Every structure is written in C-alpha cells, then in structure tokens.
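[1] below are the sequence and a predicted model for it; my questions follow.
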Number of protein chains: 2
Amino acid sequence: MTRAAKTNTDIRQEQIASAALELIGAGGLSGLSIAAIAERVGIVPSAVYRHYPGKEAVLDAVLELLRVRMLANAEAVRTETPDAVERLRLLLIRHMTMLVDNPAFPHVIFAHFSHDDDENRRSVLQDTMRAYLDEVTRIIEQGQAAGAIRGDIPPRTAAVMFIGLILPAAMLHRLSRGGFDAAGHVNAAWPVFLGGIVKS
Amino acid sequence: MTRAAKTNTDIRQEQIASAALELIGAGGLSGLSIAAIAERVGIVPSAVYRHYPGKEAVLDAVLELLRVRMLANAEAVRTETPDAVERLRLLLIRHMTMLVDNPAFPHVIFAHFSHDDDENRRSVLQDTMRAYLDEVTRIIEQGQAAGAIRGDIPPRTAAVMFIGLILPAAMLHRLSRGGFDAAGHVNAAWPVFLGGIVKS
DNA sequence: CTATATTGTGAATTATGAATCACAATTCTT
DNA sequence: AAGAATTGTGATTCATAATTCACAATATAG
C-alpha cells in the first residue's frame, strides 16, 4: 500500500466533507462511517481525526456545504434575469438539479433530530431553509409588485408551494432509483403552478 | 420490578410495530433501538425476539403499518363525496393530518436504501407510493371526465403536485419543531393549486 | 391437575464503528 | 541540513446495540 500524500488540513477538510455528503446521498446517514469517508478520501480512518475532532464536526461541515449550495442558487438567478416569473423558473430548474445531484439533502433534513447534540444542527438547517424561503418569497413579492403575479396570494404560501414542486419529485426519483423523471415532472408542473399564481 | 404480563404474540407484534413507528417519528431511524422499543412496550429487550426474528423484521412491519395508513386515507374519501374536487380536498386534509401524526413517514422514505437488505424495503415503499399516487390520479381523471378539471393537465403531474402541497409543509413543521403551521399552509395553498387545475 | 407450549428475564456474546495513541513519514522553517 | 510541526498509519481501546441463551414464570391443552 502506497502511503497517502501529505495534504493540508484545509484541503482535507473539504475532501472529507464532500465525501461525507456523497456517502449520505448514496447510503443515508446510516451509511456514513468514518471508515467509509476515509476510504473515499484515500486515507486511513484514524487520519480523519487529524482534520476534524470527530464525526459530529464532519456533519456540521456537511450542513454548511448544503447551506452554501442552497443559497448559491438563489443568489445566482438574481443576476440572470430581472423578470420575477422567469427568475422563479430558472430557480426551479437549478433547485431540481441540485437535489438530484445532492440526494443527501432530503436525507439530512429528515434525519434524526432528537438528541441534544442534534439540536444545534436542526437549528442550522432551519435557518438555511428559512433563508432560502425568504429569497423565494422576495421574488414572488417582486412579481406581485410588477403586476405579473396575483396580489391576493400570500407570498410565503406560494414559496412553500414552490418547494413542493421539487421535493416530491426528488423523493420519487430516489424511491424509483432514478426511474421517475424528476426534470420532466418539473417541466410539466411549472405551467400548472403558474396558472395558479399569475393574473388571468 | 414487576414482571410484564404474558401477552399473545399477535398483540405484542402490533405493540412493537407501533412503538417502533413512534420512535422513528420522534428520533429518526438512528433513534430506533430494540432497547427503546422494549422499554416502550414494557418488556425486556430480549423479549422482542420472541415476536420478531430481528430488527429488520420490525422495520418491515413498520412499513406495512405506513402502507395501510396511506391507502386507508385514499379509500376513506372515496365514500365521503362523489365530487372529485371535494374528494381531493378531503384527502389533502387527511394526508396532512396523517403526516403530522406520523412523522415517521418522511423519515422512513428518505432513510437509507443502499444495502441489499434494504432493497426489498425500498421496493415496498415504492409500491406504496405508486398505489397512493394511482388513487390520486384516478380522482383527477374523474374530475377531468366530469369537466371540473382542465383536460390539458397530465393527471399524474397533478397528482405529484398534490403530494407537493403536503411534503414541504411536513418538512417545515418538523424543522421548526411544530412552529410552522402545516394545516394553515395547506388551507392557503389549496385554492392556489385549484386555480391552476380547474377550468377557468 | 399435570404436561406442554408460550412468553418474560437477566447474563453473556458478538459485531460494528468511533475514538485514542505511539510511532513513522513528510513538509516547513531557519 | 537540523529541528519542529504536520500529516499518515496500524494497533488498540471503548461504547453501543443487536443477538443468543439458559432458566423462570405463566398460560393453555389434555
């Protein structure tokens, strides 16, 4: 066995967090072990502890990864188009792609949040979702101000419905082992959703 | 310590499955242990093995519980009203109530489905979801035939969107530890959804 | 009422995986 | 190049939870 190249902690931390994210996506939280992470990174299990104090810390890093990716999407569409409705559509596509690429996300969300240890993580996740929903809500409000979206619809409700265009598709995609066409669903559902929120 | 009353296996099996369901809802799959189940049932851990060959079998029983409850809802609304749209609304309420009462459901769905052991459970869950979606699809088709629902909407798409009215609400309800008003969201989202699918 | 089957109990066993540690190899500083 | 700091390795320890087992109590059949 060749020895793993000595690599700076900041690089290793990223590698470990990414490996953990992928492992969670593939096998759920139960499939996440220090040994599996180490193998994927190409080091020995005990080496992981050179870069993180323990498994809990690795999970925190995974949550941070997810937070950044979620909000990056919301950020990105802001510069792509000024039109609120079009912005929503682009975000929808991005969001869907992200969930299919990162199946770890729904896993982590629904994972165990019971012990006191997990309380902090739950809170971080909640903040992430709230921030994301705030972005979507803002786009919808903007569409209402511009007269494109019906003013009698609570923006927050529409924002949660927006998430609802994706979440079940991601779930079915996973349950069917990729058999369910998540992208196809989103494309078909979009005009229906639109029909419910735009001015007729 | 008083000794647990001797109880028939069929009763114990139900108690054990219910206990497991509740434990998963409270603490996720990670929070599920034979010891915890036993404590909740009021017996000693090793006694669980009198009624199930092992933990895997208990999980199978939990899945069966969920399947039955899902389909019971779809079945129930069929006799409550002949109107397709109203039937959908009733199902929505039932579904939402069920998810809030049984937070184990989303947990189990997004739980680990990687090992070969889990392959069978994934398949069972997929069947459950498909059967449920079939029911919803049928109601929508019926609404289209009756002229209440737009005919240019793919019924399956609408059915998945229907699930999407609930799933994110259940997620937010959980993330916020009950702070998010899932029932309120569903009530607000329903007319918007309706606006997208009914004939204008 | 006695024999048998069923269920419950506590102790012991086992498997798994997280975490620690002493030591080796590598890189960096000077 | 010498010494210090960093990173990697293998062996070991520790904790947890599933599972097994011998035995006790209780219910059921005859």
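    Received, thanks.

[2] what is the neighbour count of the closest residue to A:R121 other than its chain neighbours?
    Spatial nearest neighbour of A:R121, chain neighbours left out: A:L63 (5.9 Å); criterion: CB to CB, 6 or more residues apart in numbering or on different chains. Backbone N, C-alpha and C define where each C-beta goes, glycine included. Neighbour count for A:L63, taken as other CB atoms under 10 Å in any protein chain shown: 20.

[3] also A:G178?
    Neighbours of A:G178 under the rule other CB under 10 Å: 10.

[4] wait, a helix at it?
    No - A:G178 sits outside any helix when classified using DSSP: H, G, I helix; E, B strand; the rest coil, being coil.

[5] next, it: phi, psi?
    Per-residue torsions, A:G178: phi 90, psi 0 (degrees, to the nearest 10).

[6] got it, and A:V198?
    Residue torsions, per degrees, to the nearest 10, at A:V198 are phi -80, psi 160.

[7] ok, now which ones touch it?
    A:V85, A:A148, A:I149, A:R150 (CB atoms under 8 Å, 6 or more residues apart in numbering or on different chains).

[8] any idea what it is bridged to?
    Counting by DSSP bridges, A:V198 is bridged to A:I149.

[9] rewinding a little: helix, strand or coil: sort out the residue nearest to A:R121 for me.
    A:L63 falls in the helix class when you classify it by three-state DSSP.

[10] that one against A:S123, yeah?
    No - counting by CB atoms under 8 Å, A:L63 does not reach A:S123; the two are 10.1 Å apart.

[11] mind checking how far A:E141 is from chain B?
    A:E141 sits 15 Å away from chain B, going by CB to the nearest CB, to the nearest Å.

[12] so what's the predicted local confidence for that residue?
    Turning to A:E141, the model gives it a pLDDT of 98.

[13] now A:K199
    As predicted, A:K199 sits at a pLDDT of 82.

[14] A:R89 too?
    Predicted confidence (pLDDT) for A:R89: 98.

[15] for chain A, name the helix or strand with the lowest mean pLDDT.
    Here the helix or strand of chain A ranked lowest by mean pLDDT, DSSP states H and E is helix A:104-110, holding a mean of 82.

[16] contacts for that helix?
    Helix A:104-110 has contacts (CB under 8 Å, 6+ apart) with A:21-22, A:24-25, A:28-29, A:62-63, A:66, A:70, A:98-99, A:125, A:129, A:167, A:170-171, A:174, B:28, B:106-107, B:109-112, B:171, B:174-175.

[17] now do whatever helix or strand comes next after that helix: distance to the chain's middle.
    The C-terminal neighbour of helix A:104-110 among helices and strands, as given by DSSP states H and E, is helix A:116-145. Centroid displacement of helix A:116-145 relative to its chain, using CA atoms, centre = their mean, to the nearest Å, is 12 Å.

[18] and helix A:116-145, is it in reach of DNA strand C?
    No - judged by CB under 7 Å from any atom of the strand, helix A:116-145 stays clear of DNA strand C, getting no closer than 9.8 Å.

[19] do that helix and DNA strand D come into contact?
    No - Helix A:116-145 lies out of reach of DNA strand D by CB under 7 Å from any atom of the strand, never closer than 12.0 Å.

[20] that helix: which residues count as buried?
    Within helix A:116-145, the residues that qualify as buried are A:118, A:121-122, A:125-126, A:128-129, A:132-133, A:135-137, A:139-144, counting by 16 or more other CB atoms under 10 Å in any protein chain shown.

[21] and for stretch A:67-79?
    Result for stretch A:67-79 [16+ other CB under 10 Å]: buried residues A:R67, A:R69, A:M70, A:N73, A:A74, A:V77.

[22] go back to these and keep what's next to chain B.
    Contacts with chain B are made by none of these, judged by CB under 8 Å from any CB of the partner chain.

[23] distance between the one helix or strand A:L92 maps to and the chain's centre?
    Here A:L92 is covered by helix A:84-101, with elements defined by DSSP H and E. Taking CA atoms, centre = their mean, the mean C-alpha location of helix A:84-101 is offset from the chain mean by 12 Å.

[24] so that helix versus helix A:116-145, what angle?
    With axes from the mean of the first three to the mean of the last three CA atoms, to 10 degrees as the basis, helix A:84-101 and helix A:116-145 are set at 150 degrees to each other.

[25] who are the packing partners of helix A:84-101?
    When contacts are defined as 3 or more CB pairs under 8 Å, 6 or more residues apart in numbering or on different chains; DSSP states H and E, helix A:84-101 packs onto helix A:55-78, helix A:104-110, helix A:116-145, helix A:155-175, helix A:182-197.

[26] close to chain B, is stretch A:125-135?
    Yes - residues of stretch A:125-135 contacting chain B under CB under 8 Å from any CB: A:L125, A:Q126, A:M129.

[27] excluding chain neighbours, what is closest to the second one?
    If the residues on either side of it in the chain are set aside, A:Q126 comes closest to B:L175, at 4.6 Å by CB to CB, 6+ apart.
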